[in-house]
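> Make a model of this:
(2 chains)
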Amino acid sequence: MAILTVENLNFQYEEQHVLRDVSFSIKRGEFITLFGPTGSGKSTLLKMMKREMRPNGKLSGTVYVNGEKIDELPASTTATAIGYIMQNPEEQIIMEKVWQELAFGLENMGVSTVDMQQKIAEVASFFGIHNWLHESISDLSGGQKQLVNLAAVLAMEPDILLLDEPTSQLDPIAASEFLTLLEKINRELGITILLVEHRLEELLPVCDRVLFMENGSLLYDTTPKAIGNSLLEHPMLDALTTAMRVYYKLGFRDETPVTVREGMDFIQHYPPAILPTDPMRKKHPPLITVKDLYFRYNRKSDDLLADMTFTVHRGEIFTIVGGNGVGKSSLLKVLAGLHKPYAGKVRIDDVAPGKWKGNIVLLPQNAQALFMYSTVQEELIHAIPVQKMPEEQRETTVSSMMKQLHIEHLSERNPFDLSGGEQQKTALAKLLLLKPDILLLDEPTRGMDVMSKKEVTELIRTLQKQNITTIIVTHDIEFAAEVSTRVGMLFDQSLIAINHPKTFFTSNRFYTTAASKIARGLFPYAITAEDIVDAVNLNNRRN
Amino acid sequence: MSAFSNFHPLLLLVYVTVVLVTMFSSFHPIIVALAMIGGILYFLMLHGVRTATKDLIYYSFVFLLIAVAYPATVHNGFTPLFFLHEHAVTLEAVTKGLVIAGAVVATSFWTKSYFEIFTTNTLLAVLTKVSASPRILVSMLWRFIPLFKIKWRENQMAQRGIGYYKVGSRVEKFRRAFALWRQTLVQTAEFSIVKPDVMKARGYGIAKERTRYKTRRFTKRDGILTAGLVLFLLYYIGYFTQHQTQYYPEISEQTLGAEHYVIIGLLMLLPFIYEAKERVKWRYLQSKI
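Have a look, this model is predicted:
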């Protein structure tokens, strides 16, 4: 039986058609991924199914929950039967302590203390949060906060869970853990899940169905294996898993591999080929030199960075990868002169970062911290230093910047209401308007869809041609493989294995891109889906 | 975790009220001294000597400042000790200065310790007795301050990272800091307070009566102690409203018997004694393991 049915849903907001005639139905126990380009109406669609979250606007069509119209259900049913999780964990948190947050919904429903204790005990143990039940939520990490939200919603025993890009504010490791947990909830508890997400590499192998939306319409409703056939001409094809992309780009159809293992099986029958590594570019003069650097936050803490020495050349795109909490963000702050090392030196053109004449800007981990105005337009106009440009010229500069990053449709929106990826792009636009010479980016692709990632990659490459140096800190190894000229790994207080990305990712076995895992042993130096396709074609040409 | 804080929050509230009301209603040098000693000893118990030293040093300065400043400016009283700039410094004013300083320090230490043991959780437990809505409001307000601190630090760092404060004039720097401060305030308020949708989405306001996850039982022991404290308070308030120590023109004569000082002293030292007793008990239990 269908647990949720949507019939001819239309939604209009200020003359803008956000949803156009959307119809679909979800069976009990299904795990469904809803994806599509940013701004296609995915979040709005999700909100239509949670009555309390519906925005104002003109709505027509019907949503049925367990066969009954959602508008006719009592408030107690819609509150409990449909669980809803938002992008930003912070926005959903109401109380101060973890246990209060878990109890909040149950208390509202008037559940007796004894039942409540049992439910909370259960849910806390299932998620492993019993150890920090009495912590203040503000002390938790983003991933832990989102876990508390999930647990709090599940304590109310919903029939269906709606999640709106729940991982977009999390670092990739926390994101990956969160998605694994969702799969476990679906598999072990049979809770129906409808999830809006960009991270398809991890989701497509586990979900039952995919919905694809664009411009407010639901275009495709199919299985993970079949979705590729519909997207062949669409740029969102690149959102699919690496194995699928290789498969389709080599001209195959029908039975696509989805996981890394299936991808390996698929390319086995090709003869091996060695891709040429990029010729070493002419080296520019060194710009940033770090020598014997030691850093820690305070006297009593341990060294976060120790005995670190490296050089970044002008015009490089230098990427630093590494696990959680190894000090990547701190290293960027040291380079920006925001933290001082207690021993060793950071020199830019032979002077300290604070004294350097050029402009050095840092994109912080939480891009929201940069926003100060109520529209994107204002945010960007105010970013340009007042004396430097006349009024009219500023507006044209801002609008061309918005065009470049494809955020012109957001100009009147409040930057705090944007999705994670849109916020990142707005913040990036703000940084670029400051005309930087050195760009330090902390996790720039967080919450971005594939198309936005491509735009950012392109943008950074264009900047490189203008001799702007970029240093990126990221967990997103696919992005690192795509964009960098050199990659280093931060591990155990120091930067190790600094190398050309092709060499770096090929020599790694675990910490590497999906493409490199698929191509392992067969096509050395292939680290992206495109590289694998190139390698195969290289063979074809030879024969 | 302090053993004393395990009593019912209502009892704790009554206790601190009794201590402070007794002290202020009597304004008696010995009682103020007892309250101050009790407050400091309990504070030491909670924090350990090392961390408490900083506060002790700071408050001894506060004490000295008040104790010196008061008689230097107030010249009432009969018994001049010496003259300062042609004004008499009187015994009465010196004594009263010392008592005021003691009362201020005592109040500081008691409230400090009190807020330490009286966490949000216990506060909410008391408030739920009243009603659900204020309780939620308090919890959200409580979240506001730590959240603001975190956001402020984060925003400062982010803006410094893009050269926000790299401007020539001091005034402009200040203006910018203020703008950022205001923005952070609005941002934090939105995050922590404006959430009607989110609360409704989780069923807020549906059931007529909200239930509670944690209930703190008001035990017989709590009841007896509270009743005792209330009786104590009534008796001594009755007494001290009639016999509050007067300092001018002369220090009034004291009619309180020695046994009363012992009783009041025991009351003031109660948390310290209880805490010490629990520690000894704990040590004794441990050594048997």
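
> Can you tell me the SS state at A:N8?
Counting by DSSP: H, G, I helix; E, B strand; the rest coil, the backbone at A:N8 sits in strand.

> Quick check: closest non-adjacent residue to it.
A:G61 (4.3 Å; C-beta to C-beta, 6 or more residues apart in numbering or on different chains). For glycine as for every other residue, the C-beta is placed from the backbone atoms N, C-alpha and C.

> residues in contact with the one you found?
A:6-10, A:21-23 (C-beta atoms under 8 Å, 6 or more residues apart in numbering or on different chains).

> Got a quick PyMOL command for the buried subset of those?
Restricted to buried positions by 16 or more other C-beta atoms under 10 Å in any protein chain shown, the PyMOL selection for these reads:
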select buried, chain A and resi 6+9+10+22
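
> Format the contacts of A:G61 as JSON lines; extra columns: pLDDT.
Formatted as JSON lines, the contacts of A:G61 follow (pLDDT from 0 to 100):
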{"residue": "A:V6", "pLDDT": "94"}
{"residue": "A:E7", "pLDDT": "93"}
{"residue": "A:N8", "pLDDT": "93"}
{"residue": "A:L9", "pLDDT": "93"}
{"residue": "A:N10", "pLDDT": "93"}
{"residue": "A:D21", "pLDDT": "93"}
{"residue": "A:V22", "pLDDT": "94"}
{"residue": "A:S23", "pLDDT": "95"}
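
> if I look at the residue nearest to A:N8, how far off is chain B?
Counting by C-beta to the nearest C-beta, to the nearest Å, the gap from A:G61 to chain B is 21 Å.

> would that residue count as being in a strand?
Yes: according to three-state DSSP, A:G61 belongs to a strand.

> after the strand or helix carrying B:L65 comes which helix or strand?
Following DSSP states H and E, one finds B:L65 within helix B:29-73. Reading on from helix B:29-73 to the C-terminus, the next helix or strand found by DSSP H and E is strand B:80-84.

> what's that following strand packed up against?
Contacts defined by 3 or more C-beta pairs under 8 Å, 6 or more residues apart in numbering or on different chains; DSSP states H and E place strand B:80-84 against strand B:87-90, helix B:91-117.

> Show me what counts as buried in the first one.
In this case it means strand B:87-90. Using 16+ other C-beta under 10 Å as the test for burial, strand B:87-90 gives B:88-90.

> okay if I get those residues as a markdown table plus distance to A:V326 and pLDDT?
A markdown table is the format used below for these (distance: C-beta to C-beta, whole Å; pLDDT from 0 to 100):
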| residue | distance to A:V326 | pLDDT |
| --- | --- | --- |
| B:A88 | 70 | 81 |
| B:V89 | 65 | 82 |
| B:T90 | 68 | 85 |
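
> Nearest residue to A:Q423 in space, please, no chain neighbours.
Using C-beta to C-beta, 6+ apart and skipping residues adjacent in sequence, the residue nearest A:Q423 is A:A367, 4.9 Å away.

> Relative to chain B, how far out is A:G142?
From A:G142 over to chain B the distance is 12 Å, taken as C-beta to the nearest C-beta.

> which one is that residue nearest to, not counting chain neighbours?
Closest residue to A:G142 apart from its sequence neighbours, by C-beta to C-beta, 6+ apart: A:L170 at 5.1 Å.

> tell me the contacts of the one you found?
A:L170 makes contact with A:142-143, A:146, A:178, A:446 under the criterion C-beta under 8 Å, 6+ apart.

> at 7 Å instead, please
Residues in contact with A:L170 (C-beta atoms under 7 Å, 6 or more residues apart in numbering or on different chains) are A:142-143, A:146, A:178.

> That one belongs to a helix?
No: counting by three-state DSSP, A:L170 is not part of a helix but coil.

> In contact with A:L439, which residues are there?
Per C-beta under 7 Å, 6+ apart, neighbours of A:L439: A:361, A:431, A:463, A:468, A:470.

> switch to 6 Å and redo it
Shown in contact with A:L439 (C-beta atoms under 6 Å, 6 or more residues apart in numbering or on different chains): A:T470.

> again with B:Q246
Applying C-beta under 6 Å, 6+ apart to B:Q246 gives the contacts B:S252.

> Quick one: name the residues of the stretch 101-250 of chain B near chain A.
Proximity of the stretch 101-250 of chain B to chain A is confined to B:120, B:139, B:142-143, B:146-147, B:154-155, B:158, B:160-162, B:183, B:191, B:197-198, B:200-204, B:206-207, B:209-211, B:213, B:215 under the rule C-beta under 6 Å from any C-beta of the partner chain.

> Mind giving me the ChimeraX select for those, buried ones only?
Selection of the buried residues among those in ChimeraX, burial being defined by 16+ other C-beta under 10 Å:
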select /B:120,139,142,143,146,147,154,155,158,160,161,162,183,191,197,198,200,201,202,203,204,206,207,210,211,213
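
> which one is the residue nearest in space to the middle of chain B nearest to, not counting chain neighbours?
Geometric centre of chain B, nearest residue: B:T111, 1.1 Å, by C-alpha atoms, centre = their mean. Of all residues beyond its chain neighbours, the one nearest B:T111 is B:V16 (7.6 Å), with distances taken as C-beta to C-beta, 6+ apart.

> and the helix or strand that neighbour falls within with helix B:29-73, angle?
For B:V16, the host element (DSSP H and E) is helix B:9-26. Using axes from the mean of the first three to the mean of the last three C-alpha atoms, to 10 degrees, one finds that helix B:9-26 and helix B:29-73 are set 60 degrees apart in direction.
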